[in-house]
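Visitor: Show me how the following folds:
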Amino acid sequence: MIRKRLLSACLALALCLGLLPATSLAAEGDTLRIGNTTITESGYWTPKDGGKTFQHVEAQPSSDGYIYYDPNATDGPTLTLNNVTISGTYDESNNVEGTGIYMSSSSGSASLTIVLHGDNNQVSGAVGIYVYSSSTFGATLNITVENGGSLYASGSNNPGIKVQSNGGDASLTIQNADVEATVISGSNDGVTVQAGEGKLASLSVDGGSLTATGKSNYGAGIRYTFGNTASSSGTPSLT
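Guide: Predicted coordinates:
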């Protein structure tokens with residue numbers, strides 16, 4: 001009788017667990033925003049308003065021009081871009097940074113993998129792509145492809161790509177993808193990798209390409225920064 005009850009309880013528990021939705025973000029404290037839309041569920045999202053906002057859809061779209069988000073992928077939170085245009089603009093309620101793609105964490109490491117499908121993926125905003133950790137944990141952005149792909153990321157007056165950890169390591173890795181990052185106006189960098197005081201800031205390109213263009217005398221193609229003061233220091237790494 002006891003065995004039967006235990007078996008019934010286990011079956012009931014398994015059934016309940018099977019009914020739980022698998023749509024939450026990877027970790028509490030994480031924020032992922034695409035354009036001016038905060039991504040609250042895994043799955044497919046399609047653009048509206050020229051890529052300024054996105055809506056969740058149940059099934060894979062029949063044509064390109066969409067994203068897919070998997071917060072529980074093997075390599076961590078993963079965003080797949082399928083020949084999509086993303087355009088972020090400043091919005092006091094929805095996008096105070098004005099970013100195209102924004103991943104942040106207030107409680108741990110900020111990590112995002114972007115997988116490219118196709119040669120017409122374009123991301124723009126005040127910052128094109130911004131991965132940010134406000135804590136002592138790291139910030140990581142990986143850009144890769146499946147069956148070929150490229151990305152154009154532009155910032156209107158900030159870097160096209162920025163990876164920043166206020167207190168930990170920061171890294172940008174590009175694998176087999178062709179990536180262009182640029183700033184359109186103002187005085188800024190194509191790519192910025194910012195780590196905490198005394199930490200490691202690294203950039204690696206393996207089997208792909210990176211074209212990074214800054215603007216004006218101050219802007220660099222690629223810039224490493226450390227800490228929050230001009231006298232802060234750390235270890236830069238370029239592969």
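Visitor: For the rest of this, base every contact and every neighbour count on C-alpha atoms.
Guide: Fine.
Visitor: Pull the distance from stretch 69-78 to the chain's centre.
Guide: Distance, stretch centre to chain centre, for stretch 69-78: 11 Å (C-alpha atoms, centre = their mean, to the nearest Å).
Visitor: swap in stretch 65-83?
Guide: With C-alpha atoms, centre = their mean, you get 10 Å for stretch 65-83.
Visitor: what's it in contact with?
Guide: The contact list for stretch 65-83, computed with C-alpha atoms under 8 Å, 6 or more residues apart in numbering, reads 24-26, 41-47, 64, 84-85, 111-122.
Visitor: looking at this protein, which helix or strand is least sure?
Guide: The weakest-scoring helix or strand in the chain, judged by mean pLDDT, DSSP states H and E, is helix 2-19 (a mean of 42).
Visitor: Identify the residue nearest the geometric centre of the protein.
Guide: residue 112 (4.4 Å; C-alpha atoms, centre = their mean).
Visitor: That residue sits in which helix or strand?
Guide: Secondary structure assigned from DSSP states H and E places residue 112 in strand 110-125.
Visitor: Average pLDDT for that strand, rounded please.
Guide: When pLDDT is averaged along strand 110-125, the result is 97.
Visitor: Rounded mean pLDDT for the following helix or strand past the least confident helix or strand of the chain, please.
Guide: Using DSSP H and E, the helix or strand that follows helix 2-19 in sequence is strand 30-34. In this model, strand 30-34 carries a mean pLDDT of 95.
Visitor: For residue 33, list the residues it contacts.
Guide: 39, 100-103.
Visitor: Please identify which pair of those residues lies farthest apart.
Guide: 39 and 100 (12.7 Å; C-alpha to C-alpha).
Visitor: which of these two has more neighbours?
Guide: Neighbour tally, residue 39 and residue 100, criterion other C-alpha atoms under 10 Å: the higher count belongs to residue 100, 33 against 19.
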